[in-house]
Structure formats: C-alpha cells, structure tokens
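K.L.:
Turn this into a model:
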Amino acid sequence: MDWKSEVLARKERLIEDLSYLLSIKSVKDLSTKSEMAPMGKSINDALQFMLDKAKQDGFRTKNIDGYVGYAEMGPENAEEYIAILCHLDVVPATGDWDSDPFSPELRNGKLYARGAIDDKGPTMAAYCALKIIKDNNFPLKHRVRIIFGTDEESGMSCMKRYVQTEPEALTGFAPDAEFPLIHAEKGQINAILKMQEDTVPQDGEVILKSFHAGEKGNMVPDKAVVVLSGKELETLKEKFIEFGKTESLETAFDLNNHSLTLTLYGKSAHGMEPHKGISAAAKMALFLLDGVRSPFLIFICECLADDHIGERLGIAFADKVTGSLTVNPGIFRYTQNAEGTIALNIRCPVETPYLRTIEKLNETAQKYGFEIEEVREKKPHHVAKDGPVIKILQHAYKEETGQEANLLTTGGATYARFINKGVAYGAVFPGKENTAHQRNEYIEIDDLCMATAIYARAIYDLAKQ
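P.N.:
Numbering: from 1, shown residues only. Next up is the predicted model:
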C-alpha cells in the first residue's frame, strides 16, 4: 500500500479540516461550562466538531458527558480495540504572535496557530489516517478508536472519566510528542507553595505591592508585571529600561506620583523543558532584588531563578532511564498584606522517590516562610523496549521515513499512560523545532503529511494483528 499517495490525495482536505479545528479557541474556560461542556463552551465546540465530522464520515461515535469523545471503526463484534489518544484543548496563546493564533495562517509551508503541533495537527493527521484505512475497506481484527480528550493541559480529568466508563484498550499510542517513539515518560509533582504569612517587613525604600506572572503551571512565564511604591521610582525605572536592553528583553512601564508598574517579557516554553524558555518572573525578581528586599523575591532568586533541576530546592535527582528532574515555576501571584503563591511543575524521573522529594521541597520552602498548600502527583510511565507494540511502530516509522526508529524518553506527560503498554508516537520529527506552548506555534505541512502516512501504516498494522 502506498500510504503517502493516499495522504497526498487528501492533502487539501486535511489542511482545510485542520485549519477549521485550529480556528476554535479551545482554551479551558470554566466560566462558560455547562453540564455537557465541563471544560467550557469553546472546548466543547472543538469536541463536537470532531464527533460530527466523524459521524458524517461513517464512524461510530460517542460523547462521554462532554469530557471526552471517540470515533470508532472496525468490526463491531471485535472484543478488543486499539486506542489513538488525542486532545483538543490548547494552552493560552500568550506573547506577541506574528499573526492571530486562532486565525490559522499558511506561510512558507508552515501552518501557524495555537495547537498546530500540540495537539490538533497530530490529531487531524491520526484522524485522516483512520479515514484512509476506512475508505479502502481493509479487513481488521480489532476495532480502532480515536479518542478526543478535552483536559490534557489541566489535569487529564477527561481520561480519568474515560477509564471509569470504558473498557481498557488492547494497546495504542498518543500522537502528542515526538518521533520516532517515546517509551518512557517522567512523572510529575504539581505543587502550590504559599507564603505562610506576609508579616516579614520589606527592607528597603521601594516596596513590592504586587507581583503577577504566568497563566499555566506547565508553561514558562513569558510576562511578569509588578507594582512598586516608595522613593526613587524614577531612578528604578531608568535602571529597568537599561536592564531590558542588557538582557535583550522587551520592557514597559507606567510611572505616576504614587507607584511604578513594570512589565517584562520573556520567552514561553513547555514546562517539561524550562531551559528552552526565558522566565520573565525569574528575570524580574533578579532585577528587583537589590533594591526591593521582599521575602517573596528572595525565595524566587535564591531557590528558583536559573535552576531548572531543583538543586537549590534540595530535590535534584536523575536516573539512567529518563535523566534529570526538572522544575518549572509556572505561576506567581503576590499582593502585599494578602498572600503570595507560586505554582511549581516538577517533572520526575522514573525512579524518583516521591515522598522524599515532597518532604525536601516542603523543608526548603518552610525556611523561606512558604509551605505546600496543595500537591498533585502523576506517576511515571515506562514500557519495555522489546515489546511487540513498539516493534510494530518502529517498523511503520522506518518503512515510511527510511530512518531508524530509535527509542526516546520525555519529561512530558501524555495520554499514553492511561492504556496498556501505550507509547507516545510523533508528531515532531527528529531535528525539527518543537513550538508547543510557544508563540508562533506551527506545523510543517510536509511533516503533517508524513505523520499521517506513518499513522495510517501503524494503525493498520496494529489493528490487523
């Protein structure tokens, strides 16, 4: 079967369908939630679009209480099914984009929009792959389900609902990471640190009134805004402008008789790779610390800034399977005489001692007047390298690309952890830029088509066994 030719025959429709899906601003918004739209109206619009499209294309579909839906093909009486696990929700489109993040734009062979690579592009590639198999009436031993999640970026409550209501899949993959194939995913500790009491006086002529940075725990904050009061604000403003020039970062300010508002712009990145971003929060704290002796800033500078592996928090750890623990401080909130909180997204190697890590984190936090207010854990996911599913997926990748399918590990967490021997499979190719969670996110059209061909071959090979 010439899978690439099948994809190219559907290329224009693939781009058209993906562009429409990308135009839906499917960011979680609980202010618009309802009984059948628990993640908000826009995410539900994206889910309904995919289910309506699948039904029109002849798939069997099901909507599970608005949390998750699926489209299914293959013999209805087949006892087992293969799962393709995708998600339709996206992170907020922060930063200064070159085009509207929810008005997809094709430039130089790349389709730009929020969700293009995470995860709407790979989702539509997987859907098109299923459609190719269906259109050709290939005989299958197992059913195949493409599952559309709605809460991947904020806790995966969608898949938790799915596994409560649906039978377990035989196996499958999540097209939500990188090629060739990811067989091990780090776990996570998501912790909210809260200042126990804002009673320690700020030592200095300039007072920190508020500090605000970040919108999602799993994103490097690309904007920080602080409000200051006190003396010598004009001098501080000039120093801030010079700091921005020195660091090659964009700045803004608003100075009046009573206060100075400073805004600093960094670079967003996925929380699993914080070293690829520039934390506006950390940079702002480092700039302010000399003249603003706030306990909130001291903790940021001494325990978080420029340390992505948790050494200064006392939680650094590494293993041979998935490498080093990483720490992304994603959300910062502080108001004088009220409260201060910092949300940490910690990616944990497979062999991480979770209890000890949390104990050490709390121990360090308490030294600075913080405590752990809330903590959520995700255990790591690890599939043996020599499993039959991995061999099938490696073969499909090699047949379509001509390249060896080396096994990878990731700090990311995908839906693959919810199914038996599930792995992450594409769609970022080796050597290509991964713009997930960044401004100007895109997917290359050639890569979109290649991924579709790989998925078609892989799904067919899994389902016919």
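
K.L.:
Verify the stated contact: Lys134 with Asp57.
P.N.:
Yes. Between Lys134 and Asp57 there is a contact under Cβ atoms under 8 Å: 7.5 Å. Just so you know, the C-beta spots here come from the backbone N, C-alpha and C atoms, and that holds for glycine as well.

K.L.:
residues in contact with Arg457?
P.N.:
Contacts for Arg457 (Cβ atoms under 8 Å, 6 or more residues apart in numbering) come out as 1, 3, 396, 399-400.

K.L.:
Name the helix or strand for it, please.
P.N.:
Assigned by DSSP states H and E, Arg457 belongs to helix 445-463.

K.L.:
Output that helix in PDB with nothing but the alpha carbons.
P.N.:
These are the backbone C-alpha positions of helix 445-463, laid out as PDB (Å, rounded to 0.1, in the frame of the first residue of the first chain):
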ATOM      1  CA  ILE A 445       2.700  20.700   6.000                       C
ATOM      2  CA  ASP A 446       5.200  18.200   4.700                       C
ATOM      3  CA  ASP A 447       5.600  16.800   8.300                       C
ATOM      4  CA  LEU A 448       1.800  16.700   8.700                       C
ATOM      5  CA  CYS A 449       1.500  14.600   5.600                       C
ATOM      6  CA  MET A 450       4.400  12.300   6.600                       C
ATOM      7  CA  ALA A 451       3.000  11.800  10.100                       C
ATOM      8  CA  THR A 452      -0.400  10.900   8.500                       C
ATOM      9  CA  ALA A 453       1.300   8.200   6.300                       C
ATOM     10  CA  ILE A 454       3.100   6.800   9.300                       C
ATOM     11  CA  TYR A 455       0.000   6.700  11.400                       C
ATOM     12  CA  ALA A 456      -2.000   5.000   8.700                       C
ATOM     13  CA  ARG A 457       0.500   2.200   8.300                       C
ATOM     14  CA  ALA A 458       1.000   1.900  12.100                       C
ATOM     15  CA  ILE A 459      -2.700   1.800  12.900                       C
ATOM     16  CA  TYR A 460      -3.400  -0.800  10.200                       C
ATOM     17  CA  ASP A 461      -0.500  -3.000  11.300                       C
ATOM     18  CA  LEU A 462      -1.700  -2.800  14.900                       C
ATOM     19  CA  ALA A 463      -5.400  -3.500  14.100                       C
END
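
K.L.:
Show me how far that helix is from its chain's centre.
P.N.:
Distance of helix 445-463 from the chain centroid (Cα atoms, centre = their mean, to the nearest Å) equals 22 Å.

K.L.:
same deal with stretch 411-430?
P.N.:
12 Å.

K.L.:
What are the buried residues along it?
P.N.:
Of all the residues in stretch 411-430, those buried under the rule 16 or more other Cβ atoms under 10 Å are 411-419, 421-429.

K.L.:
average model confidence for the helix holding Arg457?
P.N.:
Across helix 445-463, the average pLDDT comes to 98.

K.L.:
Common neighbours of Lys134 and Asp57, please.
P.N.:
Residues touching both Lys134 and Asp57 (Cβ under 8 Å, 6+ apart): there are none.

K.L.:
Okay, Lys432 and Thr452: tell me how far apart.
P.N.:
16 Å (Cβ to Cβ, to the nearest Å).

K.L.:
make that Asn136, sorry
P.N.:
Taking Cβ to Cβ, one finds Asn136 at 14 Å from Thr452.

K.L.:
Asn406 now?
P.N.:
With Cβ to Cβ as the criterion, Asn406 and Thr452 are 21 Å apart.

K.L.:
thinking again about what came up before, just to be sure, which of the buried residues of stretch 411-430 are found in helices?
P.N.:
Using DSSP state H, no member of the buried residues of stretch 411-430 falls in helices.

K.L.:
which SS state does Asp98 fall under?
P.N.:
Using DSSP: H, G, I helix; E, B strand; the rest coil, the secondary structure recorded for Asp98 is coil.

K.L.:
could you list every residue that touches it?
P.N.:
Asp98 makes contacts with 112, 440, as judged by Cβ under 8 Å, 6+ apart.

K.L.:
For it, give me the pLDDT.
P.N.:
97.

K.L.:
ditto for Glu232
P.N.:
On the pLDDT scale, Glu232 is placed at 88.
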